[in-house]
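> Using only what follows, build the 3D model:
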Amino acid sequence: MKRLFLLMLSLFTFSFATAQLNYVDGKLQYGNGATLIGETAYNTVWGGNNHYWINTYGSEEVWLKIDTGNQNVRIGGNDYQIVFRGPSSLLNQTSSSYNDIHIGTAYCYSDARAKTNIVDITNATERVKQIRPVSYEFKGAEKKNGRTTNKDIGFLAQELQDVVPEAVTTNAEGEMLVNYMAIIPILTGSIQELNARIEELEAELNSLKKNNK
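Down below sits the predicted model:
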């Protein structure tokens with residue numbers, strides 16, 4: 001695998017006249033240090049079963065890790081988020097839009113043994129009534145991703161933050177993002193509350209029918 005990676009990296013490197021490839025202190029450095037990669041060259045290094053891509057921004061080290069030491073291959077970073085976003089061009093680090101991710105099934109980590117301060121959700125129906133579903137199009141030249149229209153549906157993060165703050169976060173660029181999976185417990189709670197209310201009304205109706213006989 002190492003040989004294949006080095007071969008692919010070499011082909012990529014030689015496709016740019018100004019690119020550089022150095023091996024220093026057990027680390028493979030690549031990039032021209034300016035236009036292509038950034039102000040500092042990237043490093044790639046093996047650590048046990050892990051393969052790292054590393055860069056340094058000021059005093060902060062940023063890395064992406066592929067871990068083959070587990071039964072399920074793991075991909076991780078120095079932070080708790082990994083962003084899938086497409087650059088506007090190969091030589092430009094400025095991202096134009098987020099990438100779509102197509103997968104078979106997505107599982108979220110939800111082991112009860114890892115949780116504490118567990119409290120039932122209440123007033124879910126009232127919260128759902130405050131959520132505004134909308135249709136929209138992103139500004140700019142957003143790609144259609146194979147669809148016939150750029151129109152989409154969802155929520156506005158700024159509005160949702162007032163109702164379900166647990167479902168909203170802000171990234172390093174100041175953009176607000178929504179965890180749509182976090183809306184499911186609110187919707188489930190609302191259905192349960194409405195169902196309980198329906199059962200209560202049905203019981204009252206049956207009681208009235210009996211009294212009128």
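> Which elements pack onto the lengthiest helix in the chain?
The single longest helix within the chain, with elements called by DSSP state H, is helix 183-212. Helices and strands touching helix 183-212, by 3 or more C-beta pairs under 8 Å, 6 or more residues apart in numbering; DSSP states H and E, are helix 124-130. The C-beta positions use only the backbone N, C-alpha and C, and glycine is treated the same way.
> could you point out which element follows the helix it packs on?
The element immediately downstream of helix 124-130 (helix or strand, assigned by DSSP states H and E) is strand 134-136.
> Give me the contact list for that next one.
Strand 134-136 is contacted from outside by 151-156, using C-beta atoms under 8 Å, 6 or more residues apart in numbering.
> again, only using 6 Å
Outside strand 134-136, the residues within contact range by C-beta atoms under 6 Å, 6 or more residues apart in numbering are 151, 153.
> Would you give the sheet partners of it, along with the direction of each?
Strand 134-136 has the following strand partners under DSSP bridges: strand 152-154 (antiparallel).
> which residues in the protein form helices?
Taking DSSP H, the helices of the chain run over residues 2-14, 124-130, 157-163, 183-212.
> now the ones you listed as JSON lines including mean neighbour count, distance to R85 and mean pLDDT?
As requested, the helices of the chain are exported to JSON lines (neighbours: other C-beta atoms under 10 Å; distance: least, C-beta to C-beta, whole Å; pLDDT from 0 to 100):
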{"stretch": "helix 2-14", "mean neighbour count": "11", "distance to R85": "20", "mean pLDDT": "50"}
{"stretch": "helix 124-130", "mean neighbour count": "15", "distance to R85": "30", "mean pLDDT": "98"}
{"stretch": "helix 157-163", "mean neighbour count": "15", "distance to R85": "16", "mean pLDDT": "98"}
{"stretch": "helix 183-212", "mean neighbour count": "12", "distance to R85": "23", "mean pLDDT": "95"}
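> Quick one: closest of the ones you listed to W53.
Closest to W53 of the helices of the chain, according to C-beta to C-beta: helix 2-14, at 10.6 Å.
> circling back: now render the helices of the chain as TSV, adding distance to R113.
Below are the helices of the chain laid out as TSV (distance: least, C-beta to C-beta, whole Å):
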stretch	distance to R113
helix 2-14	37
helix 124-130	25
helix 157-163	30
helix 183-212	19
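> Figure out which of those helices is closest to N50.
N50 lies closest, by C-beta to C-beta, to one member of those: helix 2-14, at 12.7 Å.
> can you list contacts of stretch 104-112?
Stretch 104-112 has contacts (C-beta under 6 Å, 6+ apart) with M181.
> how does it look with 8 Å?
Residues contacting stretch 104-112 (C-beta under 8 Å, 6+ apart): 118, 181.
> on that earlier part again, work out the gap between the longest helix of the chain and the centre of the chain.
37 Å (C-alpha atoms, centre = their mean, to the nearest Å).
> ok, now stretch 73-89?
With C-alpha atoms, centre = their mean, you get 9 Å for stretch 73-89.
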